[in-house]
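Novice: fold the stuff below for me.
(one chain, ligands or ions: 1)
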Amino acid sequence: MNNDATNSVAATAGDTGAAGQNGLQQHCGLIAIVGKPNVGKSTLMNALVGQKISITSRKAQTTRHRITGIRTREQTQFVFVDTPGFQTKHSTALNKSLNKTVLGAIGDVDLILFVVEAGSFTLADAKVLSLLGPDIPVLLIANKLDAVHRRAEIAPWLRDMQQRHPFAEFVPMSAKNKGDIERLFGICAKYLPAQPWWYAEDELTDRSEKFLASETVREKLFRFTGDELPYTSTVVIDKFDEEPSKTHGRMLRISATIVVERDGHKAMVIGEGGERLKRIGTEARQELEKLMGAKVFLELWVKVRSGWADDEARVRSFGYE
Ligand SMILES: Nc1nc2c(ncn2[C@@H]2O[C@H](COP(=O)(O)OP(=O)(O)OP(=O)(O)O)[C@@H](O)[C@H]2O)c(=O)[nH]1
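Specialist: Modelled structure (predicted):
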């Protein structure tokens, strides 16, 4: 970690902040990660938090919630907010709720990471950028640099980006590269004010295990159905019980329902002879066991609820505010 950077913020912030147990000044702040769907926001946050908190998939718009990931390194606590890809195409109740989440997430943060694919800037990127005011520092994260074959074109592209917003800094990088993630920590630390940490040093998220369970099932669902299943499918946890066990330290009984819009989608999720649903369940269970350090019994159901993404009351009942 870059101590110089941390100290320089303490100097410029000029307030008293809080001293940790070792007497050093603590720094802490909120960092929002924004960008259009599929640019790598969840991948970036997982790399920054050091553990998988937010689900990722090749399907656009897999992130629906404002998710907080926490990472404490030396004197600085980084609190990350992941946002849904800003939806501009359709105006269903679900999408309106997603857009509200994005706007809520960026209003009260110390730093914004605006993620785009390096070398590219589309109308969808412009729409997200237009939401960012001049008051909060914005870093341009030019992600997926590893996928850019003509590196020479990046410099003129960056000059062009400079005209679009008063970015605080440019960070060409790859969310999949460890060195780049280290460098990004050093950069972000400079923008977080001197103040006491909000969470314990080892906390990773403020989300419940129940929420992480539904996210894990949803990730496997999208992974195994590929592009066939519309993003409106969702997962509801019906039961999440911890039971005493003589043979295992912890034992969890989880029951979840995958909600889809059509009978055809239900058949797709179940697969031939139930094969696909079984694989979704097995992989989700194995991952949950690792994540929660417990023996997990996972029961999956599939239900059809047509038009739920258009129905505001139902969107709320599934946990999207
Ligand atoms: N080559 C390359 N691929 C990346 C990089 N970062 C992310 N990806 C891939 O890009 C795809 C989308 O990544 P996500 O992290 O799910 O993107 P997102 O922006 O969170 O997407 P939404 O949830 O739809 O808003 C995945 O297939 C990632 O593996 C990178 O640095 N390099």
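Novice: ok, and what's touching stretch 253-270?
Specialist: By Cβ atoms under 8 Å, 6 or more residues apart in numbering, the surrounding residues in contact with stretch 253-270 are 213-214, 217, 221, 225, 228-230, 232-241, 243, 276-277, 280, 288, 296-309, 318. C-beta coordinates here come from the backbone N, C-alpha and C atoms, glycine included.
Novice: let's see it at 6 Å
Specialist: Stretch 253-270 has contacts (Cβ atoms under 6 Å, 6 or more residues apart in numbering) with 213, 217, 221, 228-229, 232-241, 277, 297-306.
Novice: from those residues, which land in strands?
Specialist: Within the contacts of stretch 253-270, residues falling in strands by DSSP state E are 234-241, 297-304.
Novice: where exactly do the helices run in this structure?
Specialist: Listed in chain order, the helices of the chain (DSSP state H) span 3-13, 41-49, 93-106, 123-129, 154-164, 178-189, 209-225, 263-270, 275-292, 312-317.
Novice: weakest of those helices in terms of mean pLDDT?
Specialist: Note on those: helix 3-13 shows the lowest mean pLDDT, a mean of 34.
Novice: still on that earlier bit, are any of the contacts of stretch 253-270 buried, and if so which?
Specialist: 213, 217, 221, 229, 232-237, 240, 277, 298, 300, 302, 305 (16 or more other Cβ atoms under 10 Å).
Novice: now, which of those sits nearest residue 132?
Specialist: For those, the closest approach to residue 132 (Cβ to Cβ) belongs to residue 232, at 27.8 Å.
Novice: and the closest one, what pLDDT?
Specialist: Confidence for residue 232, expressed as pLDDT, is 74.
Novice: so how far is the ligand from it?
Specialist: Counting by Cβ to the nearest ligand atom, to the nearest Å, the separation of residue 232 from the ligand is 14 Å.
Novice: could you number the chain from 599 rather than 1 from now on?
Specialist: Taking 599 as the first residue, the last one we looked at is residue 830.
Novice: from residue 725, how far out is that residue?
Specialist: Remark: distance between residue 830 and residue 725 (Cβ to Cβ, to the nearest Å) = 21 Å.
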